[in-house]
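# Quick one, what's the 3D model for this:
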Amino acid sequence: MIGSIKGTVTGIVGWLVLLGVLLYLPGHMSRGTQEIILSLLIWVGVAQAWNIIGGIGGQLSLGNSVFVGAGGYTAAMLIIKAGLSWPLALVLAGVVSAVIAYALSFPLLRLSGVYFTIGSSAVALATLAWMVTWDWTGQSQGLNIPLDAVPGRNLKFQVVAALAILTCIVVFLVLRSTFGLRLMAVRDDESAASALGVSPRHVKQRALVLSALLTGLMGGAVALNQVSIEPNSMFSLTWVVTALVMVIVGGMGTLWGPIIGAFVIYYLVDRALDGQPVLQALLSGVLIITVISVAPGGIVGLIRQGWSWATHRNERRRTPRGPSRPGTTVEAAVQHA
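From the prediction side, this is the model:
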């Protein structure tokens, strides 16, 4: 574990406090506001899950839409055809997505860079084409979950909130773990990481499976929320492309980046330009180009730079001017050695 145990525990407690606030909200706000926040939390969960493999791991995967769809359809099929309760179906949705990711990792992780991206997108498109024609899952017509088999409106909000906070806690722990350090080492320089004894393939495989597990849970929650699902929406590349945009705008490989990015893209772009898909796509594209050009670290990176600049300037103002004491430079060099 990187960092102090006290810092880790404090961080987890902070997230649990936030979860408590979210669990209290249903019934204390309007139905429209609740639906907006619920959708925002879904995007936070999906974006954070992608951030593990795409941001921290540096693998630009376009296959996470497979795990959204697999999670959603697993939950729906288990409720409809096996008669399982929705909590058990939801857990199994994440497990099935993780198993699929584990199986896909063997061929996909043989590829790297742009070839991995193309390979993962090919898997996503092939899965969508298969689901549209599969009789057992309702083909293009999809599935309808009985209303009495899904949780009520307030409970659905609390389930989604719990899953969104879970993804945030997982990312928080990954960033503070030796596993996260190895994953970032592979992202930054795979050859150097391998020379130091890190197995790039095993590290990326674990990241992909973990990302798929969380994405599958969110996909199951989407199915419970929508009740009626069909492959063109559940397996759409829109899921992963939007998550990618959110993470890039907010800050790749950071804890708060996907959260900020989800708020900016969903609330300030999609909600503000509801019913105008062309303008939504145009503004999202402009945001990505601007962020990559001006602030490659995203909004989080920009905030960090601003904070560092302000802190450095404040320290310079407080430092008294005068002749330097002999040996100061040497002592500083020794301290930083």
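# alpha carbons only for contacts and neighbour counts from here, please
Fine.
# For Met29, the count of nearby residues, please.
Applying other C-alpha atoms under 10 Å, we find 9 residues neighbouring Met29.
# Can you show me the helices along the stretch 101-250 of the chain?
Along the stretch 101-250 of the chain, counting by DSSP state H, counting those that start in this stretch, helices occupy 114-133, 153-175, 178-188, 190-195, 200-226, 231-234, 238-250.
# now the fourth one: how far from the chain's centre is it?
Going back to what we said before, that points to helix 190-195. 26 Å (C-alpha atoms, centre = their mean, to the nearest Å).
# next one: the shortest one
Once both centres are worked out by C-alpha atoms, centre = their mean, helix 231-234 turns out to sit 19 Å from its chain's centre.
# for the longest one, same thing?
Put simply, helix 200-226 sits 9 Å off its chain's centre (C-alpha atoms, centre = their mean).
# Which elements pack onto that helix?
Using 3 or more C-alpha pairs under 8 Å, 6 or more residues apart in numbering; DSSP states H and E, the elements in contact with helix 200-226 are helix 31-50, helix 64-80, helix 86-108, helix 153-175, helix 178-188, helix 190-195.
# Mind putting those into JSON lines with mean neighbour count?
Formatted as JSON lines, the helices and strands packed on helix 200-226 follow (neighbours: other C-alpha atoms under 10 Å):
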{"stretch": "helix 31-50", "mean neighbour count": "22"}
{"stretch": "helix 64-80", "mean neighbour count": "28"}
{"stretch": "helix 86-108", "mean neighbour count": "20"}
{"stretch": "helix 153-175", "mean neighbour count": "21"}
{"stretch": "helix 178-188", "mean neighbour count": "20"}
{"stretch": "helix 190-195", "mean neighbour count": "14"}
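# of those helices, which approaches Thr10 most closely?
Among those, helix 153-175 comes nearest to Thr10, with 11.4 Å by C-alpha to C-alpha.
# Now mean pLDDT too, for the helices of the stretch 101-250 of the chain, in CSV please.
Converted to CSV, the helices of the stretch 101-250 of the chain look like this (pLDDT from 0 to 100):
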stretch, mean pLDDT
helix 114-133, 95
helix 153-175, 96
helix 178-188, 93
helix 190-195, 90
helix 200-226, 96
helix 231-234, 94
helix 238-250, 93
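# Quick check: which of the helices and strands packed on helix 200-226 is nearest to Val241?
Short answer: helix 64-80, nearest of the helices and strands packed on helix 200-226 by C-alpha to C-alpha, at 8.8 Å.
# Alpha carbons of that closest one, as CSV, please.
Presented in CSV, the C-alpha positions along helix 64-80 are these (Å, rounded to 0.1, in the frame of the first residue of the first chain):
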residue,chain,number,x,y,z
ASN,A,64,-16.2,-1.8,-22.3
SER,A,65,-19.5,-1.4,-24.0
VAL,A,66,-19.5,-5.2,-24.2
PHE,A,67,-19.4,-5.3,-20.4
VAL,A,68,-22.2,-2.8,-20.0
GLY,A,69,-24.4,-4.9,-22.3
ALA,A,70,-23.3,-8.2,-20.8
GLY,A,71,-24.0,-6.9,-17.3
GLY,A,72,-27.4,-5.6,-18.3
TYR,A,73,-28.5,-8.7,-20.2
THR,A,74,-27.2,-11.1,-17.5
ALA,A,75,-29.2,-9.3,-14.9
ALA,A,76,-32.3,-9.2,-17.1
MET,A,77,-32.0,-12.9,-18.2
LEU,A,78,-31.4,-14.2,-14.7
ILE,A,79,-34.5,-12.3,-13.4
ILE,A,80,-36.8,-13.3,-16.3
